[in-house]
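> dropping the sequence and predicted coords here.
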Amino acid sequence: SRPQVPRGEPTVRGVPPAPRIVAGAAFPRPASAEPAVVTSGSTSSPAQAIHAAESESEEEEPSEAWRAKLEMAEVFREFGPEYRRQFGDRLSVQQDRVLRELMVCRTEVLGAHHWSCERCGKEVALFHSCKNRHCPKCGAYDRRLWAAQVQADLLPIEYEHVVVTLPRPLTLLAFDHPRALYPLVLRTGAEAILRLARQQLEAELGVLILLHSWGQLMNRHVHAHSLVSGGGLWLHGERFIPLPSGEFLSLPELAREFRDLFLQRLDSLHRRGQLVLQGDWRQLECGPAWQEFLEPLRHIDWVVFSRGVWDRREEAGKQGEVTRAVEYLARYANRIAMSNHRLLAIEGQEVLFRYQDHRAGGAWQTTSLPGVEFIERFLWHLVPQGLRRIRRFGWWGNAVRTAKLTLLRRLLGVRPPEPVDEAPPTQREEEPEEPLDRELLRLEEEQGTPRKCRGCGGNMELTYQTRRPTVAELMRMPPTMELVVESGPVQLYLPLSAFL
């Protein structure tokens, strides 16, 4: 019998009616099927073990046998009508758009680039992707490009992978006020690191920080992963100050700095009227309720832990460790809480999927959720439109990165890297003089390039492309997208290899 997801999680429709009570010092947690093991480099605190497990993502890809059994689009088609029947009146425009676009991603509805073999005439269509930031099928090209750009910025020094987390009451508050609190998590998490480095080293570090809002079971767990340089620029001159090898800033001090800074900024946002409490949280506007809510949070230990140190020094011979760290962050730079390769099947009214159980040594386990609840949990983690989930601070900040990286490379005696090539290898090798078509590059990266006909071996050439519909046209289609299914339910979802 497979474990079932605990039902104790309050839904987005019903925030606990008395948030002040939730903010107790003990923060009891219900028994859960989620992984909870201390990873390398973390502390031995049970609370940190739980948070480490919740913030885990898929560190290794499952075998091919587990791939492509089910897609999010099929889950939306199966349970979307019932979800809209129950919650359609409260569905936001963004949620409606995400459901629609993910259902038609890589189908003929979005248009295609059409290829034909010049020898035998065989035709192949590469259907356009939806390019939605929450789509599990999109983003391979952007993710590869982002990872290459980050790799180009890395110096031959150590880097620390640090995770900062919010306590449960603030996680619930953040989910109801994401525009105010999500950026605050990133800013205060990075600033706490930079402040501590200025105090202890008199140096400015570089910080790349990425926001996550989910655990393995799509539960609500707001935390931020950061890649922190193991050294920085001296505050009083042109000099590189390294951290002692294998050591980092004091994590308990960093946790206290993050806690105090976050609560100070949060209180300031509330006093200035930039945090307008919604729903059941409005009761905190009455009298001293807001301060009573914050007070217990000032006296508990917040969870901040290290996921390990990656050494990129040439003499260490471990450059691959930082490469894997960047690839780990890149996997979620353009994705959201659930990926297609974790989905297994639809069994009646349940969606069966896989998760990594770190209580069992990182083994992959299976569990299920009711289809409507599965969609509900997925929609919890939509990032508000226009909000940046990845930010850089310190000498890695966008405004100063070019100048300070040039200075750091000069101080370390490092040559500047080659410019990042935006074309995939096939485009670079075969057609170096052809202007870059970003849409075509994205399709080639995500679906493969039909350069050779698999039937006769002839050359494939791009013949024409069909128009992509506008967002307004998609939003005018039936919510369940019946027209898409009726227009060709078999051929629309076959992989590219089936056409070659």
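Received it, and whenever you're ready, just let me know what you need.

> part of a strand, is residue 233?
Yes: Residue 233 forms part of a strand when assessed by DSSP: H, G, I helix; E, B strand; the rest coil.

> what's opposite it in the beta bridge?
residue 204, residue 240 (DSSP bridges).

> for it, give its distance to residue 398.
16 Å (Cβ to Cβ, to the nearest Å). The C-beta positions use only the backbone N, C-alpha and C, and glycine is treated the same way.

> before we move on, what about residue 349?
Residue 349 is 47 Å from residue 398, by Cβ to Cβ.

> more neighbours, the two?
In this view residue 349 and residue 398 are compared by other Cβ atoms under 10 Å, and residue 349 has more residues nearby, 14 against 9.

> ok, now which ones touch that one?
Neighbouring residues of residue 349 by Cβ atoms under 8 Å, 6 or more residues apart in numbering: 79, 370-371.

> mind putting those residues into JSON lines with neighbour count, secondary structure and distance to residue 248?
JSON lines is the format used below for those (neighbours: other Cβ atoms under 10 Å; DSSP: H, G, I helix; E, B strand; the rest coil; distance: Cβ to Cβ, whole Å):
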{"residue": "79", "neighbour count": "21", "secondary structure": "helix", "distance to residue 248": "45"}
{"residue": "370", "neighbour count": "16", "secondary structure": "strand", "distance to residue 248": "43"}
{"residue": "371", "neighbour count": "21", "secondary structure": "helix", "distance to residue 248": "44"}
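
> can the residues you listed go into TSV with extra columns for pLDDT and distance to residue 175?
Formatted as TSV, those follow (pLDDT from 0 to 100; distance: Cβ to Cβ, whole Å):
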residue	pLDDT	distance to residue 175
79	94	22
370	96	20
371	95	21
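
> pick the one among these closest to residue 137.
Residue 137 has its nearest neighbour among those in residue 79, at 18.6 Å by Cβ to Cβ.

> which helix in this protein has the most residues?
The single longest helix within the chain, with elements called by DSSP state H, is helix 178-201.

> pLDDT averaged over it, what's the number?
The average of the pLDDT scores along helix 178-201 is 95.

> wait, doesn't residue 455 sit right on residue 117?
Yes: look at residue 455 against residue 117 with Cβ atoms under 8 Å: they come within range, at 7.0 Å.

> buried sites along the helix or strand harbouring residue 146?
Using DSSP states H and E, residue 146 sits within helix 140-153. Residues of helix 140-153 classed as buried: 140-147, 150-151, 153 (neighbour count, 16 or more other Cβ atoms under 10 Å).

> stretch 399-414 now?
Buried residues in stretch 399-414, counted by 16+ other Cβ under 10 Å: 400, 404-405, 408.

> looking at those, which are in helices?
The members of those that map onto helices under DSSP H are 404-405, 408.

> next, format the residues you listed as TSV and append distance to residue 466 and pLDDT.
Converted to TSV, those look like this (distance: Cβ to Cβ, whole Å; pLDDT from 0 to 100):
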residue	distance to residue 466	pLDDT
404	46	94
405	43	93
408	48	94
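
> between the residues you listed, which is nearest residue 105?
Nearest member of those to residue 105, counting by Cβ to Cβ, is residue 405, at 36.4 Å.

> go ahead and confirm the closest one touches residue 153.
Yes: assessed by Cβ under 8 Å, residue 405 is found in contact with residue 153 at 6.3 Å.

> OK, contacts around residue 200?
249-250.

> likewise residue 94?
Neighbouring residues of residue 94 by Cβ under 8 Å, 6+ apart: 382, 384-385.

> can you do 6 Å?
Residue 94 sits next to residue 385 when contact means Cβ atoms under 6 Å, 6 or more residues apart in numbering.

> show me the shaky parts of the stretch 101-250 of the chain.
The model of the stretch 101-250 of the chain has pLDDT under 70 over residues 246.

> again, only this time at 90
In the predicted model, the stretch 101-250 of the chain carries pLDDT under 90 at residues 106-129, 131, 133, 135-161, 200-201, 215-216, 237, 243-249.
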